[in-house]
Structure formats: C-alpha cells, structure tokens
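*Asks:* generate coordinates for the sequence data below:
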Amino acid sequence: MRRGTNRLVIVLAVVAVSLVLNCFHLVSFPDNIGLPVGQSRSFDLYVSLPVKARLLTGTGVKLNKTWLTEKPVRLNSGPSFTLETADPGRFEVELLLFGVPCRRISVEAKEPDIVIPGGHAIGVLLACEGIIVVGYDKILEAGGTFSPAKDAGILPGDILLEANGTVLLKVADLIQAVEEAGQENKTLALILKRGTETKQIDLRPVETNKKTFRIGLYVREGASGVGTLSFYDPDRGCFGALGHIVTDEDTGAPLVVRDGSIVKAFISSINAGARGQPGEKVGVFLPEANILGPITANTHYGIFGVLKEPLQNPHFPAGVPVAMAGEVYPGPAKIYTVLEQDKIESFDAEIERVISQYSPTDKGLVLRITDEKLIDRAGGIIQGMSGSPIIQDGKLAGVVTHVFVNDPSRGFGILAEWMLEKGRSVLKGAAGPP
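*Replies:* Predicted coordinates for the structure are as follows:
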C-alpha cells in the first residue's frame, strides 16, 4: 500500500513539475514579435502541453502555413511553430492553454529597412561630461608620499564636474582651480559624479617643492581611437558605429558624451593579434579636415549621430535590407572592414551561433573568421574592427563588437536589427542629409 502511495506521489510530482515548466516557458514567450512581410519565421515554444492560438485583430496571418482566424487552432504540433504575414500591419494573437487565455502576442509585419553598410575606418573623438579620474599621483613630503584626493575618497572612474563653482570642461580648468585654491589657502570643493550619484568632496591642495599646488590625481578629458562605421540610415541621415559603448581605457567607466565626432581615418599598419594578446589597427586621422559628423549618443549598442553627407560604399551602392533577428542563422557570412589606407575589403566568416532573443541585447551572435587572408594579415578580429558590418544572404545581419582574447579568430557581434532600432530611438527627430 505504501509503495503504491509513493508511486502516486512521484507521478503527481512529475506532472506538477512538467506543468510548472510548461507554464513558465509559455509565460516567458515574447509579447512582441517582428516579421518581414511575406516571409515565414520559426519560433521555439518549448511547451509539450497542447497550446492553441487564435487571431484577435487583423487578417493575413498564417500559422504553420494555415490561415489563422478567430477560431482557436493547435499551435504546437512539434518543438516549434511558424508564423507568416501577407501584408504590413500589426496583429494580435492570443494563446490558450486548456482553453484558457494565457498569453497575448503583438505581431508587427513590416517591409525591411534599407541601409548603406559601413566598413569605413573612422577616428572616434569623444569629450565627456566633466573630467575623468583615471588614477592617483603621489605627492612627495617629508613624511613620505600621499594623495590628498585619494585620502578624501575620490575614486578612479569618478567624473569631476565642478571645482569651487567652475564648470570643468578641460584639464586646464582643474589645474587653474587647484592653483587658485592653493594660493588663497582655501578648501577646494569638488562636485563629482559616481554612477548615478552626484556628491561634493572637499580637500586642500598641497604645495610641492616646485611651488605649485596639486591634489594627487591623474585625469583625462575624453577618449579617442580607431573604429569602424557600421551603417548609414538614408531615411534619417544617421549613422551607427562600433556596436558597443565607449569606455575610459583605464577605468572602464562609460563615457557620458558632452561633445564628439567621427572623422575619416587611414589605416597605416596592423598589429596582428594572437592568443591572449589582442591585435589592433593603427590609424591616422586629421580631425579638422575630415569630420564626417557629430556623435550624439554613446550607448551599449554603439555610438550614433548624423552624417554631414550621405555615405557611399562601392560594394553596396544601393544599400541592403536589414535582417530581422529571426532571419539570422548559423552559416556562412562576410565581414567588411579596412586593413590598408581607406580600402574596404570583404572577408569570409562563419556565424557559429545566434543567441536566441526577442528584444535588444548587445551580444547577439558568435562569429568565426574563416578567411585565411584576414588570419594571415591580422590574426583574426582585432581592435579597431569593432563596427565592421556582417553580411549574410545579401542582408545586414550584424556588426562585429568583441574579440575572444584566447581565440582571436572568434568574437561576438550585435544583431543589426537591434542596433538600428536603438539608433533610431536615441536619434528620434534627428535629420541629416537627404
């Protein structure tokens, strides 16, 4: 009797766990889906229980190649199902479990966006909000060395905004404020930003043996470096580049843009990468003569702004469609980047993995370089290659973002759909050249 009871308990427990897992996967399914008009897209549901679906609003939606109506039909006859739309528009689909409505999905069908892929080498010039603290400078005194700023609690990565009421835009502004406070034997009141918190720290400058005053800090005004332009959005005259956020090279803190621009760059040499040692592009750029456009936003999905003139790419004079996230698949692709002067070249690659996602993230795929020419010349993905467009089946599938330090032939990329979407959201209302 007890053995039979134990078996029943085990069976009920297995059923309960299965039910909970099925409900969890069903509730976790995205409530917004984008589809290219006239194309089928497959979705994994990971639900073994019978789920039905019905159309609440709109017409022209196919479920598993059958027109969907208000009458509920079986959704999951296997591990996945397909949706297809015939016309542009927004549709509402409801999912039912045991006849009970449990999930509502908004389906947007749209024509693909057309962009001009990049690949162009650019110089990135950023002036941040305030002055970045990058480290401590030790001041020598009879009793040893010390840093007044460190003792006062200032940390690397802090952004100094004001000194005794003076807004700090350049390092020279801080030097002058420190010197004035020291000469007048006054406390230096620093307003700084740490993450989302703003606070005031007071300290006294120290006179050195050279009769100048210091507070024991190393600071920087902004950042500059070489990267790659990702795409140009002709509908809005806007650009996206890098595919990742720009941070301070010493502290890793994201830079809050006060002013910035991208400029045309020429690649003078390549330092090839190796296992454990990322390579880099060495570039030359002249900010005054070759400004392409201002940088408006520095985000986890890249930097964005408006170009002064429409972008030209000899490989794609008419532009290419942007692949939706669900269209990108493991398989062959090409990347476009500059290794010499300003010549954009194409190189073979393989998308090894597409990370399943229905909403924006900054890591969407894993890429492996298969082109021996690129391996021989650069060792694989190198610094300065961030932003290089990834083309698959004639569409902009993604953008190179990071290299795997222990395997420079491989790296991460961001899906192009999410990068374009982010760019349009942060540049809403901006307009560039027609």
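*Asks:* from Val73, how far out is Gly38?
*Replies:* 21 Å (C-beta to C-beta, to the nearest Å). Where C-beta positions appear, they are placed from N, C-alpha and C, glycine not excepted.
*Asks:* what's the neighbour count on Ser40?
*Replies:* Per other C-beta atoms under 10 Å, the neighbour tally for Ser40 reads 14.
*Asks:* list the contacts for Gly302?
*Replies:* Contacts for Gly302 (C-beta atoms under 8 Å, 6 or more residues apart in numbering) come out as 230, 240-245, 387, 399, 414, 419, 422-423.
*Asks:* ok, of these, which one's closest to Ile139?
*Replies:* Of all the contacts of Gly302, Ile139 sits closest to Ile245, with 33.8 Å by C-beta to C-beta.
*Asks:* ok, now which ones touch that closest one?
*Replies:* Pro254, Leu255, Asn298, Thr299, His300, Tyr301, Gly302, Asp362.
*Asks:* quick one, what contacts the first one?
*Replies:* Pro254 makes contacts with Ile245, Val246, Thr247, Asn298, as judged by C-beta under 8 Å, 6+ apart.
*Asks:* looking at the sheet around it, what are its partners?
*Replies:* Beta-bridge pairing of Pro254 under DSSP bridges involves Thr247.
*Asks:* distance of it relative to Pro278?
*Replies:* With C-beta to C-beta as the criterion, Pro254 and Pro278 are 20 Å apart.
*Asks:* cool, the fifth one as well?
*Replies:* Applying C-beta to C-beta, one obtains 20 Å for the distance of His300 from Pro278.
*Asks:* which one of those two has more residues nearby?
*Replies:* Set His300 next to Pro278 and count neighbours by other C-beta under 10 Å: Pro278 wins out with 19 against 15.
*Asks:* least trustworthy helix or strand in this protein by mean pLDDT?
*Replies:* Ranked by mean pLDDT, DSSP states H and E, the weakest helix or strand in the chain is helix 2-28, scoring a mean of 58.
*Asks:* which is the succeeding secondary structure element to that helix?
*Replies:* strand 32-36 (DSSP states H and E).
*Asks:* tell me which residues of that next one come out buried.
*Replies:* Judged by neighbour count using 16 or more other C-beta atoms under 10 Å, the buried positions of strand 32-36 are Ile33, Gly34, Leu35, Pro36.
*Asks:* follow-up on the earlier one: show me the two of the contacts of Ile245 that sit farthest apart.
*Replies:* Leu255 and Asp362 (16.0 Å).
*Asks:* the residue nearest the centre of the chain and Pro321, how far apart?
*Replies:* Central residue of the chain (C-alpha atoms, centre = their mean): Tyr301, 2.1 Å from the mean position. The gap separating Tyr301 from Pro321 is 19 Å, by C-beta to C-beta.
*Asks:* of the contacts of Pro254, which pair is most distant in space?
*Replies:* So, those by C-beta to C-beta: farthest apart are Thr247 and Asn298, at 9.1 Å.
*Asks:* between these two, which one's more packed in?
*Replies:* Shown here are Thr247 and Asn298; by other C-beta under 10 Å, Asn298 has more neighbours (24 against 14).
*Asks:* and the more buried one, which helix or strand is it part of?
*Replies:* Per DSSP H and E: strand 291-299 holds Asn298.
*Asks:* tell me the helix or strand right after that strand.
*Replies:* According to DSSP H and E, the helix or strand after strand 291-299 is strand 302-306.
*Asks:* just the buried positions in that following strand, please.
*Replies:* Gly302, Ile303, Phe304, Gly305, Val306.
*Asks:* now it against strand 291-299, angle please.
*Replies:* Computed by axes from the mean of the first three to the mean of the last three C-alpha atoms, to 10 degrees, the angle separating strand 302-306 from strand 291-299 equals 130 degrees.
*Asks:* just the C-alphas of strand 302-306, formatted as PDB.
*Replies:* The C-alpha coordinates for strand 302-306 follow below in PDB (Å, rounded to 0.1, in the frame of the first residue of the first chain):
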ATOM      1  CA  GLY A 302      27.200  51.600 -30.300                       C
ATOM      2  CA  ILE A 303      27.700  55.300 -31.000                       C
ATOM      3  CA  PHE A 304      25.200  57.200 -33.100                       C
ATOM      4  CA  GLY A 305      24.900  60.600 -34.800                       C
ATOM      5  CA  VAL A 306      24.100  62.400 -38.000                       C
END
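*Asks:* right, and the helix or strand after it?
*Replies:* strand 320-321.
*Asks:* neighbouring contacts of that following strand?
*Replies:* By C-beta under 8 Å, 6+ apart, strand 320-321 touches Pro112, Asp113, Ile114, Val115, Ile116, Pro117, Ile391, Gly394, Lys395, Leu396.
*Asks:* for Gly384, give its distance to Gly398.
*Replies:* Gly384 is 18 Å from Gly398, by C-beta to C-beta.
*Asks:* which element follows the host helix or strand of Asp202 toward the C-terminus?
*Replies:* Assigned by DSSP H and E, Asp202 belongs to strand 197-203. As assigned by DSSP H and E, the chain's next helix or strand after strand 197-203 is strand 206-207.
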